[in-house]
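**Q** just the structure for this:
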Amino acid sequence: MNYKTFLKSRFLQRAGLILLLTAIVSIKALEALPEKRDQTLHHVLLLKWKPGVSPEQVREVKEVLAGLTSKVDGFTACDIIEITAGDYDHVAILKFKSDAAMSEYQAHEDHQKLESEGPRLLESVLEFDYWH
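**A** This is a model prediction of the structure:
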């Protein structure tokens with residue numbers, strides 16, 4: 001290999017390395033933008049059960065909701081708490097890593113079953129989302 005060929009190959013190696021590093025830095029920067037990387041999406045549900053809904057029915061709904069954390073990637077936690085003040089009976093706080101994870105949860109067949117059963121079991125639902 002002559003000196004010119006050697007210099008050309010070294011130049012191409014360095015140019016390739018620079019392109020690779022630039023791509024890695026760009027991907028990392030893009031990953032941090034849209035998903036609010038350091039925050040969690042909270043989906044909060046205030047639930048008021050219809051009169052006559054049994055504790056067993058409430059327990060079943062709680063189990064299905066909590067069980068979805070193991071079935072939906074990015075659904076990280078589900079806390080359901082009985083409340084005694086105000087007009088509602090329970091608050092459910094569902095936590096997601098991204099909007100996409102919440103969309104996957106909403107499309108899941110177990111969630112769809114809960115939504116179809118909701119009008120039969122719930123007198124009122126108040127829901128809201130926030131990032132924190």
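
**Q** roughly how far apart are the residue most central in space within the chain and Asp73?
**A** The centroid of the chain falls nearest to Phe96 when counting by C-alpha atoms, centre = their mean (2.5 Å). Counting by C-beta to C-beta, to the nearest Å, the gap from Phe96 to Asp73 is 10 Å. Glycine gets a C-beta too; all of them are placed from N, C-alpha and C.

**Q** was I right to think Ile80 contacts Gly67?
**A** No - using C-beta atoms under 8 Å, Ile80 is not in contact with Gly67, being 11.8 Å away.

**Q** which one of those two is surrounded by more residues?
**A** Ile80 (17 against 12; other C-beta atoms under 10 Å).

**Q** what residues of the helix or strand where the more buried one lies count as buried?
**A** Of the helices and strands defined by DSSP states H and E, Ile80 is found in strand 75-82. Within strand 75-82, the residues scored as buried using 16 or more other C-beta atoms under 10 Å are Phe75, Cys78, Ile80.

**Q** and the gap between His111 and Phe96?
**A** Separation of His111 from Phe96 (C-beta to C-beta) stands at 12 Å.

**Q** pull out the buried positions in stretch 117-132.
**A** Buried residues in stretch 117-132 (16+ other C-beta under 10 Å): Leu121, Leu122.

**Q** can you check stretch 86-98 too?
**A** Tyr88, Asp89, His90, Val91, Ala92, Leu94, Lys95, Phe96, Lys97, Ser98.
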